[in-house]
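Asks: Make a model of this:
(2 chains)
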Amino acid sequence: MTAIVDARGVTKRFGKVEALAGLDLVIEPGQVVALLGPNGAGKTTLVRTLATLLRPDSGTVLVDGRDVVREAPRVRALIGLAGQHAAVEDAMTGRENLEMVATLYGLDRRQSRARAAQVIEQLSLHAVADRLARTYSGGQRRRLDLGASLAGAPRLLLLDEPTTGLDPRSRLELWDAIRDLAAGGTDVLLTTQYLDEADQLAARIVIVDHGRVVADGTPGELKARAGRDVIEVHTRDAADLEAAARALARVGADEPTVDAPTRRVSLPVDAGTERLTAAARSLEEERVTIDDISLRRPTLDEVFLALTGRVLDRDRDDPDDSVVASTDHDDSAVASTDHDGSAVTSLERTSA
Amino acid sequence: MTAITTPVTRGAARGASMLRATRSVARRTTRKFLRTPQLVVVGTIQGAMFLLIFRYVFGGAINGGGVPYVDFLVPGFVTTSVLFVGMSTAAGIAEDLEQGFVDRLRSLPIPRAAVLAGRALADSQMLVWNLAITVAIGFAVGFRLHGSVAAGIAAFALCALFGFAFTWLFILLGLVAGNAQAAQGMSLLVFPLTFVSSAYVQVRTMPGWMQAFAEHQPITPMVDAVRGLCLGGRAHEVLGHGPGYDVVSAIVWSAALVVVFGALAVMRFRRV
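Replies: Take a look at the predicted model:
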């Protein structure tokens, strides 16, 4: 099967800034892939290159086997782009916006109408479809923008930070819409700065930093590579912290970490679930009253830190560019079937 | 899920032809204009206000060179109005760039030139509308044709042509400026072009060095062509010659503007 995206050795420089520094990325059809990285990592440059808006300085970029430079018109028929701004016309209704884009994709008037109606249905925009877009909320505008990128029934949907600036509810709605599209067979490549977004939507996460891919895998794999599960105990009373640490020390091989201000003790463990039961038992023996005990997989923040040596922050003004490459951690760590990174097991208010 | 009414083959879009794409892009710009009443009203009021100021405030002090000043002024005013309308073209293009609308259009399977051609088409339509209003106000404040109605219509058509030609200059400015405010700023070049010309006063009343500029920039022959056609038999009194030479000169200038700035705009737009 032809890869939907096939990028090899792609470089792009803007003056002194090297936006892409020999990036390689191959994406097989049939999945949602998230490009994750801080501002300035090169995510948007890659998306714009795939959308034929930028020419790479060197390297090749193919979309479904078509070269984005030499066969740009063919590529444009294959993709749909929703950029960082909602590129909709405020003075037209949602329906008119969709019909216009459908027409530009080459559909005749009747087909454009049908297609617009279909997209309105698909993204649940009926309530606002015949209102001018200038009356839309931020979330509705983004959904309309997503709809416009669908008007040509693309093979590959390129979404550049689709939820940046949205309130939490609109974000969830847009996530649902993206999931539905993927389920309907559209390949999606999205960029995001939000770990939870990548985690929620994508089957595969590609972490980009300084214009290169620094890590690539399922959310579970990336977390496994970055470290072990963590048992975290939240004590009700600060006085119990010491006892809790003692209790946990008996459970694993490592020293527990105590964080006094948040009354939390944590311990990295190997065989997570077994250890959790042991920990609960041990705490009971020490007569520690706890608010919460949980076993969690490392967060993607921790993953990013482990893989790049830097904290994933929203802006790129960190002077600290000392990258500690540590991609080959313990590879024997569990390749989990569970892609949900949050608390796997949680026992509420266990007390002695 | 959703009942599919039309079978959809993913990635099978053919893309719109140059003609259809241009029309579609133009329609969007026209709708935006018509549905934003502020644009229509402010533009019209501004034009009317300036015409009234020239006609009644400065008019008494300016020599019309043998004809009533209103008959001298209105052709010049109508001709130069195309440049003031053009400022909104530059701002509009810059805004579309800024807000990602151009990115969307460029990612679609349409000829890229259609994006600019659509803008030029829509803005030329608005321009004709604007010209009609300005002419109507001109008649209302006392302007009269001295030549034939046909010559008057030809003058009007010339103004539309000049407007179309300058649209390409403003499209280029908008593309270079990158944001609406900068585009507005760059559009200020309209002022020396319009004021240092024969539009509002006779060029021979200016200092020598300024006359040199006024005589060799496109607005002067354009204004003189329109004025000559409107003045009919009295053109000789004011211009010293009939409109023929100026008409040809103005058309050549327009063609040159379209070729040069059209090419530069398309080149700039293609650059990625």
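
Asks: so which helix or strand takes in residue 102?
Replies: Because you didn't say which chain, this covers chain A. helix A:94-104 (DSSP states H and E).

Asks: Not quite, go with chain B.
Replies: Using DSSP H and E, the element containing B:Val102 is helix B:101-106.

Asks: Report the contact partners of A:Ala82.
Replies: Contact analysis of A:Ala82 by C-beta atoms under 8 Å, 6 or more residues apart in numbering or on different chains lists A:142, A:145-146, A:148-149, A:157-160, A:162. In short, each C-beta sits where N, CA and C put it, glycine included.

Asks: With B:Ser198 instead?
Replies: B:Ser198 neighbours (C-beta under 8 Å, 6+ apart): B:76, B:214, B:219-220, B:223-224, B:227.

Asks: Which ones among the residues you listed map onto helices?
Replies: If you go by DSSP state H, the contacts of B:Ser198 have B:76, B:214, B:219-220, B:223-224, B:227 in helices.

Asks: still on that earlier bit, quick one: average confidence on the next helix or strand after the helix holding A:Ala102?
Replies: Past helix A:94-104, further along toward the C-terminus, the next helix or strand under DSSP H and E is helix A:109-122. Summarised as a single mean, pLDDT over helix A:109-122 is 94.

Asks: now stretch B:123-134
Replies: Here the average pLDDT along stretch B:123-134 is 91.

Asks: In that stretch, which residues are buried?
Replies: For stretch B:123-134, the neighbour count (16 or more other C-beta atoms under 10 Å in any protein chain shown) marks B:123-124, B:126-131, B:134 as buried.

Asks: could you measure the nearest residue to A:His126 once chain neighbours are set aside against A:Gly83, distance?
Replies: Spatially, and ignoring its direct neighbours in sequence, A:His126 is nearest to A:Ile120 (5.7 Å; C-beta to C-beta, 6 or more residues apart in numbering or on different chains). Using C-beta to C-beta, to the nearest Å, one obtains 21 Å as the distance from A:Ile120 to A:Gly83.

Asks: which one of those two has more residues nearby?
Replies: Between A:Ile120 and A:Gly83, counted using other C-beta atoms under 10 Å in any protein chain shown, the more crowded position is A:Gly83 (24 against 20).

Asks: wouldn't that one be in contact with B:Leu105 here?
Replies: No - taking contacts as C-beta atoms under 8 Å, A:Gly83 lies outside contact range of B:Leu105: 11.5 Å.

Asks: Which two of the ones in helices among the contacts of B:Ser198 have the greatest separation?
Replies: Farthest pair in those (C-beta to C-beta) is B:Ala214 and B:Arg227. Separation: 14.2 Å.

Asks: Looking at these two, which is more packed in?
Replies: Comparing B:Ala214 with B:Arg227 by other C-beta under 10 Å, the one with more neighbours is B:Arg227, at 27 against 22.

Asks: tell me the helices in chain A, going along the chain?
Replies: A:43-50, A:72-78, A:94-104, A:109-122, A:138-150, A:168-183, A:195-201, A:219-226, A:241-249, A:272-285, A:300-308.

Asks: How about B:Val238, nearest residue that isn't a chain neighbour?
Replies: Distance criterion C-beta to C-beta, 6+ apart; nearest residue to B:Val238, sequence neighbours excluded, is B:Gly65 at 4.6 Å.

Asks: ok so that neighbour is a helix residue?
Replies: No - using DSSP: H, G, I helix; E, B strand; the rest coil, the assignment for B:Gly65 is coil, not a helix.

Asks: Correct me if wrong: it contacts B:Gly240.
Replies: No - contact criterion C-beta under 8 Å: B:Gly65 and B:Gly240 do not qualify, at 9.6 Å.

Asks: Kindly report the residues of the stretch 101-250 of chain A close to chain B.
Replies: By C-beta under 8 Å from any C-beta of the partner chain, the residues of the stretch 101-250 of chain A that approach chain B are A:101, A:103-107, A:111, A:114-115, A:117-118, A:121-122, A:132, A:148-149, A:152-156, A:180, A:184-186.

Asks: Thank you, goodbye.
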